[in-house]
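In: take a look and give me a structure for this.
(chains A and B)
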Amino acid sequence: MTRYRLHHATTYEYESPVVLGTHFMHLLPRARPGQAVVEAELAILPGPDSRRDEIDHFGNPTTTVSLTGAHKQFAVTLDATIDVSPPQPPAAEDTPRWEAITARALQDADVAEFCLTSKLTRFHNEIADYAALSFLPGRKILDGLIELNSRLYTEMSYVPGVTTNASTALHAYKTRIGVCQDYAHFMLACLRALGLPGRYVSGYLRTLPPPGQVKRRGADQSHAWIGAWCGPETGWVDFDPTNNLIVADEHVTLAWGRDFADVSPLRGIILGGGRHIVRVGVDLEPVLT
Amino acid sequence: MFSITAACDEMIDRQGRVRTPWMPIMGAAREIGPAELERRGAALNRQIALAAPFGQPPRFTADPLPAPLTATEFATLEAGIKQRARLLSAALEDLYGPQTLLHGGHLPPALVLGDRHFLRPMHTRAPLPRPRLSLYAADVVRTPEGGFALLADHTGMIPGLGLALNLRRWSSGTVPELFRAGGLRSLRPAREMLVDHLHREAEGGIVAVLSAGSANGAEHDTVDDALLARALGLMLIEPGDLATRNGALHMKTLSGLLHVSTLLRGISGIDIDPLEQGGRPGLGIPGAFGAIRAGVLEMLNAPGSALLESAPLKPYLAALFPALLTESPLLPDAQEDARHTASKAPFAHGQGFIPLPMSFRLFAWHDGAEWQVLPGGLGMALAPAPHGPAPGTKDVWVLDAEEPRFIAGAAPAEPPERVKFLAAAHLPSRLADNLFWLGRSVERLEAACRLLMLALPRLESGTSLPRDIAERALLARCLAQAGLLPPEIATASISGRLLRQTLARRRPLAGLLKEVGRLVDASSERLSPSMLSTVRFALHQATEALPNEETALPTMLNFTATFAGIAAENMSREGGWLFLEMGRRLERGESMAEALALLLDAPPERLEPGMGLSIELADSVLSYDLRHAGILAPGPVLSMLLADLANPRALGFQAAALRACLERLGADDDAATAHQLMQDILNLAGQVRQLRAPLNGVATSLRALSDRVHHRFFTLLPEAHALDDDELLEAAQ
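Out: Numbers count the residues shown, from 1 in each chain, chains lettered A, B, ... in the order given. Next comes the predicted model:
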């Protein structure tokens, strides 16, 4: 078990005062098998005149605030302590054939929606053909996933700043460049094109790698990867194509959904404000227990 | 005389006889006669088109004859519809809650979770404080076997409810002969129960119909929203009127923000909350989902309820009866070909009738304890009439239990409409703004017409007498000032022909009329149906007359006079009228001050032509002649044009009227400004020389006052925009 201390600060600075702001956030970490949230606090400045903490359709915590007084700065700070126990993925040969997963997943009320394409992970024949290379008939699901994860890692170039949160899987397939979010959408589109369930996971990667390891891509910031369903016995196994990892104890999950749009960390509709700048700082450190 | 075929099985029974409920209807039709009935049908549809808000044509053709249902038939339908509503309500609560229907295999998960109307933000752990389904409409058909079957469910927005609550009032006015038979269940008690229920649930908060409004009416019929608001005496509001504060919804009104607790939804659930669902901020209400989940806002129906209208899901719904209600369905699903085999009813077609397959749309609402079905509805042709316009729609009559009987004397089936003009305090800022500009634009049109009426004959019969030349020069300058002539040709040498050519080319009046039409549409929800139809008719005539040089100007002045008369005699002096009035007075004051500054800009010895034109322009010739025997002298002229507070065209009158409006609205400082302006104008009347600068000063002060009114009452919050988290991503990387 690893205990992490997580700090994530987002600050908006507006050119002119915002008179009314409504914000919807996915910024409190969820619990999941292998992850326990010991404590988590989301501080909002200036103090909102209403705040609602709810659980969304996917089971993620959400926070909705409304700010009425004129303000030129809006700051959201998450501080949390989280225990992560590395899940044990089964041996690949013990997992079902991938075709068995597609048949089963659509009948399962908790899994079915992750087989369906979404706005950012639409079906395209060329993506289906690309994905099929890793899922030859009869192949074990985990084998296929490990290979696809590694192909994406090898064939994509990690280039920050060229894509946006509206960039699609098709864009990533065609250009083969992007950031963690593009890797994740591309991999999800591959799985869903074959009828396999996959979910978009947002979260964090430990800032400094374990001793003797290379620094990971996507540390110091919001990170994203995917979860793939390997049947009712194994359940969900997470893959990080940006770093060619099966997720173990270096990741902390914030939320999951069909794609980025379901778990966008901070959305807002504001009145006034003019231009603005935003600063983000993330720190995920293991705590010695 | 009527081309009725035996195929009309709503009307004709198996033995080929007219069914009893249709006898008085067809009797009345026969009495009216085919030619007259065609005219009545046209009149009915004209009335609806004129009364319809937003200037949008209705999407149906109202049929002059109703579709009767016997008490027994209605009782059967009522039971089936109530049961269906209970089923759909239970299904919605489950699918947006525990989802046992998905986990238990009753519905294919992908069919529900993949539907675009399954709105994840509305999926909650605990039930909402109010049912998700509170309004429901069912389309049913009579099958060849004689029973009823369900064609379609309406669980999201409820199309046609507004029409269903209004159609009878219109037809009782146009075809009163039909209503002599009586024996018909009134919609009024049901409607009042619904209104009472809505207000009770709202606990003092505002209940309103939420519509996409005139700007945006793609998916849903916004005319029906407006009709519904009118029938229920509710406000009609648009997303732009609303803002979320303290997590609850508030409407921006002249007196500040008012809490809105219930919205009858005329906007697709998909667009309702741009905060959680994305989309353009202006199309929906950011934070609406959160307010609904927290129970501080009720929507009828809750967003996401249109899920049950999904075609792929429909075949599974009837099978849910045992699981959800442990009952078997009373109303069977219609067969695939039901639209073609549905019973036929006679629809008016030219001077006869044409039998068309028809469905009945019946409406139900949940009153907090149980479902109620409206004893009426719409009979909708399932096929268009050949060469017909929009599909025909009938008023559905539910007959009393006893046989229909004739009662002597016409008795209107519905009471006169109650149009509530709400006090200024509750007026949405957007509407006040529209009415203000409507007042201004009608006055601008009138001023332009008056000036042209004055100028055209003088420019045409131009002599070389010095007085005529002076008049032409003055008129040319006034025309240029009013934007009716380009300044470069506005000289004494301008001819009537050139002015006509310029008008024909630049079409300034057409532009003004179009703007008036736009603002009438935008304000139509605050004009009573009779006002609206009169104003629209006069506007229509004015537009038609536009190309005709002889009649264009008189017809347009006829329109402005109609408008002024209606506003004076038909509108309550509260609320909207005050803004219409302020717009009119500000515009008239400004254009009058500017024209007088030009016309009276001469030394006293050369003032006469300008004084003569001023008196005519202000329509004060008769009063002046009566008082002063036609002898033009600066003192009396200025007194009449500036200081006569009994003359509605005098400059001082405008300032006094503005002051009165502003006082009524509690804008005391602006009222004081208007009062000071009136004093200044009265003082000017004693001044004969150098009037130009002070008169232009009056115009400037009026413009400044207009800006202050605008700022005070209409300046809304700045436009909403989405905080994009693109930057967030970039900043992070």
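
In: please enumerate the helices of the stretch 1-150 of chain B.
Out: Assigned helices in the stretch 1-150 of chain B, in chain order: B:23-32, B:34-51, B:71-95, B:100-103, B:109-113 (criterion: DSSP state H, counting those that start in this stretch).

In: list the neighbouring strands of the helix or strand bottoming out on mean pLDDT in chain A plus their orientation.
Out: Taking mean pLDDT, DSSP states H and E as the measure, the helix or strand of chain A with the lowest value is strand A:266-272, at a mean of 88. Using DSSP bridges, the strands paired with strand A:266-272 are strand A:2-25 (antiparallel), strand B:720-723 (antiparallel).

In: what residues does the stretch 151-289 of chain A put near chain B?
Out: Contacts of the stretch 151-289 of chain A with chain B, taken as C-beta under 8 Å from any C-beta of the partner chain, map to A:160-161, A:164-166, A:179, A:181, A:221-222, A:261-262, A:264-273, A:276-280, A:282. To be clear about C-beta, it is placed using only N, CA and C from the backbone, and glycine gets the same treatment.

In: of those, select the buried ones using a ChimeraX command.
Out: Remark: buried members of those, expressed as a ChimeraX selection using 16 or more other C-beta atoms under 10 Å in any protein chain shown:
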select /A:160,164,165,179,181,221,222,261,262,264,265,266,267,268,269,270,271,272,273,276,278,280,282
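
In: CA atoms only: put the least confident helix or strand of chain A into CSV for me.
Out: The C-alpha trace of strand A:266-272 is given here as CSV (Å, rounded to 0.1, in the frame of the first residue of the first chain):
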residue,chain,number,x,y,z
LEU,A,266,-13.6,22.3,-14.2
ARG,A,267,-16.3,23.8,-16.3
GLY,A,268,-17.8,27.2,-15.9
ILE,A,269,-20.2,29.7,-17.3
ILE,A,270,-19.3,33.3,-16.3
LEU,A,271,-20.8,36.7,-16.9
GLY,A,272,-18.2,39.4,-17.5
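
In: whatever helix or strand comes next after that strand pairs with which strands, and in what direction?
Out: Using DSSP states H and E, the helix or strand that follows strand A:266-272 in sequence is strand A:276-287. Using DSSP bridges, the strands paired with strand A:276-287 are strand A:2-25 (antiparallel).

In: which strands and helices sit next to the helix or strand just after the partner strand?
Out: Sequence order places strand A:35-45 as the next helix or strand after strand A:2-25, per DSSP H and E. Judged by 3 or more C-beta pairs under 8 Å, 6 or more residues apart in numbering or on different chains; DSSP states H and E, strand A:35-45 is in contact with strand A:71-84.

In: list the buried residues of the strand it packs on.
Out: Applying 16+ other C-beta under 10 Å to strand A:71-84 flags A:71-72, A:74, A:76-78, A:80-84 as buried.

In: turn the helices of the stretch 1-150 of chain B into JSON lines, including distance to chain A, mean neighbour count and mean pLDDT.
Out: Compiled in JSON lines, the helices of the stretch 1-150 of chain B are given as follows (distance: least, C-beta to the nearest C-beta, whole Å; neighbours: other C-beta atoms under 10 Å in any protein chain shown; pLDDT from 0 to 100):
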{"stretch": "helix B:23-32", "distance to chain A": "52", "mean neighbour count": "18", "mean pLDDT": "91"}
{"stretch": "helix B:34-51", "distance to chain A": "36", "mean neighbour count": "18", "mean pLDDT": "87"}
{"stretch": "helix B:71-95", "distance to chain A": "11", "mean neighbour count": "20", "mean pLDDT": "97"}
{"stretch": "helix B:100-103", "distance to chain A": "4", "mean neighbour count": "18", "mean pLDDT": "96"}
{"stretch": "helix B:109-113", "distance to chain A": "4", "mean neighbour count": "21", "mean pLDDT": "95"}
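
In: any chance of those in TSV, plus distance to residue B:147?
Out: Shown next, in TSV, are the helices of the stretch 1-150 of chain B (distance: least, C-beta to C-beta, whole Å):
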stretch	distance to residue B:147
helix B:23-32	23
helix B:34-51	31
helix B:71-95	8
helix B:100-103	28
helix B:109-113	29
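
In: residue B:512 versus the residue in the stretch 351-500 of chain B positioned nearest to chain A, what's the distance?
Out: Using C-beta to the nearest C-beta, residue B:429 is the residue of the stretch 351-500 of chain B that sits closest to chain A, at 14.3 Å. According to C-beta to C-beta, to the nearest Å, residue B:429 stands 25 Å off from residue B:512.

In: you'd agree residue A:51 is in a strand?
Out: Yes: under DSSP: H, G, I helix; E, B strand; the rest coil, residue A:51 falls within a strand.

In: wait, residue B:681 sits on residue B:652?
Out: Yes: under the criterion of C-beta atoms under 8 Å, residue B:681 makes contact with residue B:652 at 4.5 Å.

In: shared neighbours of those two, anything?
Out: Contact with both residue B:681 and residue B:652 is made by residues B:642-643, according to C-beta atoms under 8 Å, 6 or more residues apart in numbering or on different chains.

In: quick revisit: lowest mean pLDDT across the strands paired with strand A:266-272, which one is that?
Out: Here the strands paired with strand A:266-272 differ in mean pLDDT, and the lowest is strand B:720-723 at a mean of 74.

In: residues making contact with that strand?
Out: Applying C-beta under 8 Å, 6+ apart, the contact partners of strand B:720-723 are A:12, A:21, A:23, A:266-271, A:273, A:276, B:274, B:278, B:281-282, B:286.

In: quick one, domains of chain A?
Out: A:2-84+A:264-287, A:92-262 (automatic domain parsing).

In: how distant is the helix or strand in which residue B:439 is found from the center of its chain?
Out: Assigning secondary structure by DSSP H and E places residue B:439 in helix B:429-460. In terms of C-alpha atoms, centre = their mean, to the nearest Å, the centre of helix B:429-460 is set 23 Å apart from its chain centre.

In: that one - contacts with which helices or strands?
Out: strand B:248-253, helix B:466-481, helix B:496-506, helix B:508-523, helix B:552-570, helix B:576-599, helix B:608-617.
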